[in-house]
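when you get a sec, could you give me coordinates for this:
(4 chains)
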Number of protein chains: 2
Amino acid sequence: MNRERAEELAGTLKALADPTRLQLLSIIATAADGEVCACDFPELLDRSQSTASHHLSQLVAAGILEREQRGKWAWFRLRRDRLAAVAEALRA
Amino acid sequence: MNRERAEELAGTLKALADPTRLQLLSIIATAADGEVCACDFPELLDRSQSTASHHLSQLVAAGILEREQRGKWAWFRLRRDRLAAVAEALRA
DNA sequence: CATTCGTATCGACGGCTGCCAATATGAGTG
DNA sequence: CACTCATATTGGCAGCCGTCGATACGAATG
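Below is the predicted model:
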C-alpha cells in the first residue's frame, strides 16, 4: 500500500474511530426506515446539539453518511457501500 | 451498540486509523513468511527507530499484531482474525 | 418583513497523538 | 562480569480532536 492510499484509508478510519460516532452509526443502522432526523441525536447520544452536528458533519465528509434536507429537518442515511469498502480493505 | 462496545471498537479503529501504521500492516501482510523483523521498519517506513517501535507497540496493544522474540530480534505477525472481526463489525 | 426553530459554525479548553533525540533496558556474547 | 546491539521508554513539542456554550445561518410560517 502506497502512502497516498494509506492516508486516504486512515482518513476514513479516523472518522469511524470514535465511540460517539459508532453509536450514531448504530442508531441509524437499526432505525426502522434506515434514516434518522438530526433533531433526535442530541437526546439519543446524550451530547449537546453542537456536538451531534459536528459528528454528523464528519461522517458526511468522510462519505459514510448521506444527508437529505426535507422541509426544515435534516435526515441521515448510511452509505453501506462505503462501510463495506473499508471492511474489504481490512481483510486484504 | 452500547457505549462500552462502542469504546472498545473505537479503540481498535484508532489503532488502525494512521497512515504509517496502515503501511506497517501492509508490509507485514505482503511479507514472504508473513512476518517482519522490527529492525527493518525504520528504513521501510522512513521513520525513526523510536517511532517505529511506538507504532508496533500500539498495534500489539490493540491486538492487531503479535510479537515474538527470537534471539535478539523481535518479529511481528498479523492477527488476521482480529482484522476480520473489525471488518465484520463494520458490515453490521 | 418579522418570528420561530432546526441546524451549522465559532471560540475556547483539556486531552490525546505522531514525531524525534536521548537514554534506558535487556538479551546474546565473550 | 563487561560489552554490544536490538528494542523500549522518556521527555518535549506541535498539531489534532471531542466537547460545550454562544452565536450565526436559513428555511418555513405568519
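
and stretch A:46-61, which residues are buried?
A:R47, A:A52, A:H55, A:L56, A:Q58, A:L59, A:V60 (16 or more other CB atoms under 10 Å in any protein chain shown). The way it works is simple: take the backbone N, C-alpha and C, and place the C-beta from them, glycine included.

average pLDDT across it?
For stretch A:46-61, mean pLDDT is 98.

do that stretch and chain B come into contact?
No. Using CB under 8 Å from any CB of the partner chain, stretch A:46-61 stays clear of chain B, coming no nearer than 9.0 Å.

near DNA strand C too, which of the buried residues of stretch A:46-61?
A:L56 (CB under 7 Å from any atom of the strand).

redo the buried residues of stretch A:46-61 as CSV? Include secondary structure.
Below are the buried residues of stretch A:46-61 laid out as CSV (DSSP: H, G, I helix; E, B strand; the rest coil):
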residue, secondary structure
A:R47, coil
A:A52, helix
A:H55, helix
A:L56, helix
A:Q58, helix
A:L59, helix
A:V60, helix
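
nearest to DNA strand D, of the buried residues of stretch A:46-61?
In terms of CB to the nearest atom of the strand, no member of these lies closer to DNA strand D than A:R47, at 3.8 Å.

show me what contacts that closest one?
A:T20, A:F41, A:H55 (CB atoms under 8 Å, 6 or more residues apart in numbering or on different chains).

7 Å instead, please
A:T20 (CB atoms under 7 Å, 6 or more residues apart in numbering or on different chains).

distance of it relative to A:K72?
21 Å (CB to CB, to the nearest Å).

ok, back up a step: how about TSV for the buried residues of stretch A:46-61, with distance to DNA strand D added?
Compiled in TSV, the buried residues of stretch A:46-61 are given as follows (distance: CB to the nearest atom of the strand, whole Å):
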residue	distance to DNA strand D
A:R47	4
A:A52	7
A:H55	6
A:L56	11
A:Q58	6
A:L59	10
A:V60	13
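
dump the buried residues of stretch A:46-61 to CSV, plus distance to A:L90.
Output for the buried residues of stretch A:46-61, formatted as CSV (distance: CB to CB, whole Å):
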residue, distance to A:L90
A:R47, 28
A:A52, 27
A:H55, 22
A:L56, 24
A:Q58, 20
A:L59, 18
A:V60, 22
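
most widely separated two among the buried residues of stretch A:46-61?
A:R47 and A:V60 (16.9 Å; CB to CB).

residues from chain A in reach of chain B?
A:1, A:3, A:6-7, A:9-10, A:13-14, A:16-19, A:22-23, A:26, A:29, A:83-84, A:86-87, A:90-91 (CB under 7 Å from any CB of the partner chain).

contact residues of chain A facing DNA strand D?
A:14, A:17-18, A:20-21, A:47-51, A:54-55, A:58, A:69, A:71-72.
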